[in-house]
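Visitor: pasted the sequence and its predicted model underneath.
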Amino acid sequence: MQEELNIAQKELRFQKEEKEKLVAELVAAQAELTFQHKEKQKRADELAVADKELDFQSKEKQKRADELAVADKELDFQIKEKQKRADELAIADKELDFQIKEKQKRADELAIANKELDFQSKEKQKRADELAIADK
């Protein structure tokens, strides 16, 4: 009977050692799972930060694109205004050319009229001279 008890005690010690090994393995596995969970959470947090950074960059790029669109519209407006002014200047230039030609035309007409008056004045003087001679 003692021998059976010794064998049973050895068997119980063996089972206890096996259970302790199993507990140690489970603790190690739990620690590994905890580590892996923390690593996955860390990666998830890093991805969330990266996603927020990409979202911010996307919003900044959209903001710049909107600013460029506004600037482009402003430049188009300025170009149209400059073209409008250039057209107005071209019209004013043509008007001035027309006025200059009209003044030159009047100056030419006045020169002709002056020559005509000079001729008439000379003719009158000639007649006056002829009358003066005839009177003598």
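Guide: Looks like it came in fine. Residues are numbered from 1 along each chain as shown.

Visitor: now the residue nearest the centre of the chain: how far from residue 79?
Guide: Geometric centre of the chain, nearest residue: residue 68, 1.3 Å, by C-alpha atoms, centre = their mean. For residue 68, the distance to residue 79 (C-beta to C-beta, to the nearest Å) stands at 16 Å. In short, each C-beta sits where N, CA and C put it, glycine included.

Visitor: one step back: now for the host helix or strand of the residue nearest to the centre of the chain, which elements pack on it?
Guide: Element membership of residue 68, judged by DSSP states H and E, is helix 2-135. Applying 3 or more C-beta pairs under 8 Å, 6 or more residues apart in numbering; DSSP states H and E, one finds that helix 2-135 contacts no other helix or strand.

Visitor: how far off centre is that helix?
Guide: Chain-centre distance of helix 2-135: 0 Å, with C-alpha atoms, centre = their mean, to the nearest Å.

Visitor: please report how far residue 74 lies from residue 60.
Guide: Here residue 74 is placed at a distance of 21 Å from residue 60 (C-beta to C-beta).

Visitor: residue 86 now?
Guide: From residue 86 across to residue 60, the span is 38 Å (C-beta to C-beta).

Visitor: can you get me a residue count around residue 12?
Guide: Close neighbours of residue 12, defined as other C-beta atoms under 10 Å, add up to 10.

Visitor: do you know the pLDDT at it?
Guide: Predicted confidence (pLDDT) for residue 12: 94.
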